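**Q** turn this into a model:
(2 chains)
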2 protein chains.
Amino acid sequence: MVPHLVTALTGPINELEQRILDSMPAIERWFRLEWMEHTPPFYTSVDIRNAGFKLAPVDTNLFPGGWNNLTTQMLPLAVQAAQAAIEKICPEARNLLIIPENHTRNTFYLSNVRQLQRIFHMAGLNVRIGSINPEINTPTPITLPDGETLVLEPVVRTPRRLGLKDFDPCTILLNHDLSAGTPGILEDLHEQYLLPPLHAGWSVRRKSTHFQSYEEVTKRFGKLLGIDPWLINPMFNQCGEVNFAEGVGLECLRSNVDALLTKIRRKYKEYGITEKPFVVVKADNGTYGMGIMMVRDVAELDALNRKTRNKMNVIKDGQVVSDVIIQEGVLTHERINDAVAEPVVYMMDRYVVGGFYRVHAERGIDENLNAPGASFAPLAFEESAQLPQPGMRPGASAPNRFYMYGVIGRLAMLAASYELEATDPEAENFE
Amino acid sequence: MVPHLVTALTGPINELEQRILDSMPAIERWFRLEWMEHTPPFYTSVDIRNAGFKLAPVDTNLFPGGWNNLTTQMLPLAVQAAQAAIEKICPEARNLLIIPENHTRNTFYLSNVRQLQRIFHMAGLNVRIGSINPEINTPTPITLPDGETLVLEPVVRTPRRLGLKDFDPCTILLNHDLSAGTPGILEDLHEQYLLPPLHAGWSVRRKSTHFQSYEEVTKRFGKLLGIDPWLINPMFNQCGEVNFAEGVGLECLRSNVDALLTKIRRKYKEYGITEKPFVVVKADNGTYGMGIMMVRDVAELDALNRKTRNKMNVIKDGQVVSDVIIQEGVLTHERINDAVAEPVVYMMDRYVVGGFYRVHAERGIDENLNAPGASFAPLAFEESAQLPQPGMRPGASAPNRFYMYGVIGRLAMLAASYELEATDPEAENFE
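**A** Predicted coordinates for the structure are as follows:
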C-alpha cells in the first residue's frame, strides 16, 4: 500500500520537490562526497513533517525502534545495507550482540528487536540479545504477538569485553538510548566495536546541538539547490536551567517563545502562508515523545497547569528536565484515512532502507503524534516507493514524495554525523 | 509471483540446501573475507541449473543483458548496490557513459540498456548511452516496446578520454562483450574508469579458465561446508585447435567427451542417480547461447551433420571456433507452467540484486535454454524471495531456494574475480 496523500500540495513544496528531483545527480554526488569525509551513524530514523509549504525533520533517532513497522518488502534493502555496514566495521565478524532497552514486557518494542535480529542474521551473523536489565539473570524467552520467540540473555562482562555465556561478539549493537546515563557495564570496551558510540546516548546528546548541525547542513544544501534553507529547516532557540515544577527559568522560555513566534510570523508573511504559527517546547535531551508541549501564544506559558508542568518536568527514566529547545512547529498536512500522519524514514549506514507513516487518529495537524494511540502504516514498495520517477508531476507521485523524504532524512543523518564528531570524547584527546 | 518449483526435490539437493542454510553466517563471513582480498566484477549474471541432485552454474556473464527482466521490486536493491559500487570506484562522479552492444534494432536488448540507465540514474548519476557502432553518427532516438525512448549517441574519442559531445564521464560502463576483439576506440583510456576491464571481454575470456577458477573456489567452499564439491561444480575438459567445418581436432574432442562421460557415470553411480549422463560441447569463448551442442554418446560425434558443424564453427560476430570446452551437462528439473526453466542470478558489485527464470517451452531438461523462443519469468519479492527463511522445510520454500541460488551465483562471481586477476595484462607487468 502506498498511502494516499491528501495534502493539497501546491505552491512552494512542489517547487521544492521539483528542484530536488531535477537535482538528483547533484544531490547524490553531494552525499557521496560528504560520506567520504564523515561517517554515517550506524542506523538512524528521522521523523519528518510535511506542512505543504515546508518539509523538515523534527526528531533524529540514533537508536531507532520500530523496525518491525517496515514491510517485508523492505527487508532485502535493510539486509543489504546491514551487510555493507558490517563489512566496513568488522568484516571478520561471526557474532553480533544486540543490547535492547530494559523493557521486558513491551512486546511491541521487543518485536522491533526481533526484526533487528532477523536483519543482521540474514546479513550473515549469529545474533543474540544481551539484556543489561538486572532482572534478566537467566535466558528468558518472550513470546511476541506474532507467535515468535525472542530470548533475552544476561550479559557477561569480563575486564575488557562484553558478551553472553559462550558468545563473544565482535560488534555490539546498542538499541538502548542511554537516557539515564551510560551504564558502567558498557564502558571501557576498547576491544569490541560498540555501535552507536556511547556519546550518541541521550545522556550526552542535545536536540539543540543536533539542530545546530542540521542548520549548517541545510545552509550548504540550500546553496547547492538554490533554495531558502528555511523550507527544510525548523528554526529554534534554547533555554538552560528551566525547572517546570518550581516555575524557574520560565522568563527565558517566555522571551524565546515570543522571539521565535515573531520570526515564524515574518517567514509566513514572506511566503504568504495563512496558517497560525506555533512552537514546540521540548526537553533538550528528551525522547519517546515525552516532555513536549505546543505553544501558539506566549500567554499560554503564564497559565501552565500542574499537569503540564509535571509532564514537562520529568521524562524517560525519571530524568528531570532543565534544558529545553524551543522549535518552530511544523504542521503535518498528510493524512491516512482521515487520521493525521507524519512520515518516518529509516536508514542503515548511508542508505535509506524504508519508512512508514506514524498515524494518530486523535491528534491535530499541529500536535505531537509520537504518543499513545499512534499506529503505523508502512510505506511499501509496490511502486518502488523510495525511488524517484522522473517525469511525474510534482505532488502526484508517492515515489517522488518518498525520495524527497529520503533526502531530508539523510540531511538529518548527516547532521547527526557532524554532531557525533563534535561530541566525541576521544576526538578531544587529540586536539 | 514466486514460480512454483515442481522438482521432486528429495535427496542430496535438499541436504545441500539445509547445509547452506545452516551455514549462512559462516558462508556470509567467508564471502566478506574473500571480498577483502578480491575485487568483485562490476556486475555479473550467472545461469544456474538445478538437477535436483546437483546445482551448478553453467555460464557467467560479465556484461549481463536482461536487466529489464528484473521486476520493479528489485530496482531498489539494484540501485543501492549501484550506489555502493560507484562510491568505491569514483565517488566524485557526475556522469556515467554506457557502451552497449552494436545492435540498433534489437529493442529487447535496448530495453535492458534503458534499465541500466534507469538504475544508475536513480543511483545519482547523469547517464547517457554512447554507441561505438559506426552507423550511429548522430544522436539516434529509439522507441522501445514500452513506449519509452532510448537515445544512442556517437562516442567522441580524444587522445586520452572517451565521451559524448558535451559529456565527459568519470566512469564508462561496458555492456558490450567484445566478442570480436577490443575496438581501438576503447583502448588506452587511462584517465577514466572502464568497467568491466577490457580483458573481461570474450576476445580474452575462456570458459575453461573461468571454470578452472570455479573448481578451485568450490573445493574451498566444499571444505567450509563439508560437502563434495561435485554437488555444485560441473566437471569439464577442453580441446584446442578444433575446426568443425574441416573436421579437424575431432579426435581430441572424442576422447575428452568419452573420458568425461565416464567420470560422470562414476559420480552418478556413487550417488545412485539413474539419469542419463550427457556433456555440453561449447566454444571456449562463446556467448549468446551460440556454439553449443549436447552429446549423450561419443558415437554422436562421428555423425555430425553439416548444420551442426556450421553451428559449432562460427559464433557471435563471425568468430571461428577453435578452442572448445567439454562440460558436464547439468539437467534442469525446474519448470514453470510445464516449460523447462533455469534460474539466472543478477549481481551488482558483491550483492545479489535479483533474478529470473529463463523458460523455454520447446526445449528439454537437458537442452540449452538460451535460444530463440526463450521467455523470462521474474523472481519477484512478494515473500522477500532472495532472503532465507530459517525453519522452513528444505525444498518447500522459494526464498530458501533462491538464497541457495544466490550463494552459487556469488561463487561463480568470485571465480570470475580470480579469473580477471589471473588474466589482467597490467598485473603481469609487475610480476
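
**Q** quick one: the residue nearest to A:K267 when sequence neighbours are not counted from A:K282, how far?
**A** Once flanking residues are discounted, A:K267 sits nearest to A:W230: 5.9 Å by Cβ to Cβ, 6 or more residues apart in numbering or on different chains. The way it works is simple: take the backbone N, C-alpha and C, and place the C-beta from them, glycine included. Distance of A:W230 to A:K282, computed by Cβ to Cβ, to the nearest Å: 20 Å.

**Q** and for A:V155?
**A** Computed as Cβ to Cβ, the A:V155 to A:K282 distance reads 32 Å.

**Q** and for A:N337?
**A** Distance of A:N337 to A:K282, given as Cβ to Cβ: 28 Å.

**Q** most remote residue from chain A's center?
**A** Centroid-distance maximum for chain A: A:D166 at 34.1 Å, with Cα atoms, centre = their mean.

**Q** check what pLDDT that one gets.
**A** Listed pLDDT for A:D166 reads 95.

**Q** tell me the phi and psi of it?
**A** Main-chain dihedrals, A:D166, degrees, to the nearest 10: phi 60, psi 30.

**Q** ok so, going back, out of A:N337 and A:K282, which sits in the more crowded spot?
**A** Remark: of A:N337 and A:K282, A:K282 carries more neighbours, 28 against 11, as counted by other Cβ atoms under 10 Å in any protein chain shown.

**Q** tell me the mean pLDDT for the helix or strand encompassing A:K223?
**A** With elements taken from DSSP states H and E, the one containing A:K223 is helix A:207-225. Throughout helix A:207-225, pLDDT has a mean value of 97.

**Q** swap in stretch A:177-188?
**A** The model assigns stretch A:177-188 a mean pLDDT of 91.

**Q** in that stretch, which residues are buried?
**A** Neighbour-count burial for stretch A:177-188, counted by 16 or more other Cβ atoms under 10 Å in any protein chain shown, picks out A:177-179, A:183, A:186.

**Q** of those residues, closest to chain B?
**A** Of all those, A:L186 has the smallest distance to chain B: 24.5 Å, by Cβ to the nearest Cβ.

**Q** just to revisit the earlier point, now the buried residues of stretch A:177-188 in JSON lines, with secondary structure?
**A** Converted to JSON lines, the buried residues of stretch A:177-188 look like this (DSSP: H, G, I helix; E, B strand; the rest coil):
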{"residue": "A:D177", "secondary structure": "coil"}
{"residue": "A:L178", "secondary structure": "coil"}
{"residue": "A:S179", "secondary structure": "coil"}
{"residue": "A:P183", "secondary structure": "coil"}
{"residue": "A:L186", "secondary structure": "helix"}
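
**Q** pretty sure A:V217 is touching A:M413, no?
**A** No: with contact defined as Cβ atoms under 8 Å, A:V217 does not reach A:M413; the gap is 9.6 Å.

**Q** more crowded one of those two?
**A** Neighbours per residue, other Cβ under 10 Å: of A:V217 and A:M413, the larger number sits with A:M413, 29 against 23.

**Q** distance-wise, check the more buried one relative to chain B.
**A** Here the criterion is Cβ to the nearest Cβ, to the nearest Å. By it, A:M413 lies 15 Å from chain B.

**Q** same for the helix or strand that contains that residue, what does it pack against?
**A** When elements are assigned from DSSP H and E, A:M413 belongs to helix A:398-423. Counting contacts by 3 or more Cβ pairs under 8 Å, 6 or more residues apart in numbering or on different chains; DSSP states H and E, helix A:398-423 is packed against helix A:12-22, helix A:24-37, strand A:43-50, strand A:55-61, helix A:207-225, strand A:339-348, strand A:351-360.

**Q** closest to chain B out of the ones you listed?
**A** Per Cβ to the nearest Cβ, nearest to chain B of these: helix A:24-37, 2.1 Å.

**Q** list the buried residues of the closest one.
**A** Buried residues in helix A:24-37, defined by neighbour count with 16+ other Cβ under 10 Å: A:24-25, A:27-32, A:34-35.

**Q** so which of those comes closest to B:L260?
**A** Closest approach to B:L260 among the buried residues of helix A:24-37 (Cβ to Cβ): A:R32, at 49.0 Å.

**Q** which residues touch the closest one?
**A** By Cβ atoms under 8 Å, 6 or more residues apart in numbering or on different chains, the residues touching A:R32 are B:83, B:86-87, B:91-93, B:124.

**Q** filter those by proximity to chain A?
**A** Among these, the residues lying close to chain A (Cβ under 8 Å from any Cβ of the partner chain) are B:83, B:86-87, B:91-93, B:124.

**Q** tell me which two in those residues are the farthest apart.
**A** Spanning the widest gap among these are B:Q83 and B:E92, at 13.9 Å by Cβ to Cβ.

**Q** the more surrounded of those two?
**A** Looking at B:Q83 and B:E92 with other Cβ under 10 Å, you find the greater number of neighbours at B:Q83, namely 24 against 9.

**Q** get me the contact residues on the stretch 101-250 of chain A for chain B.
**A** Within the stretch 101-250 of chain A, the positions lying close to chain B (Cβ under 8 Å from any Cβ) are A:121-126.
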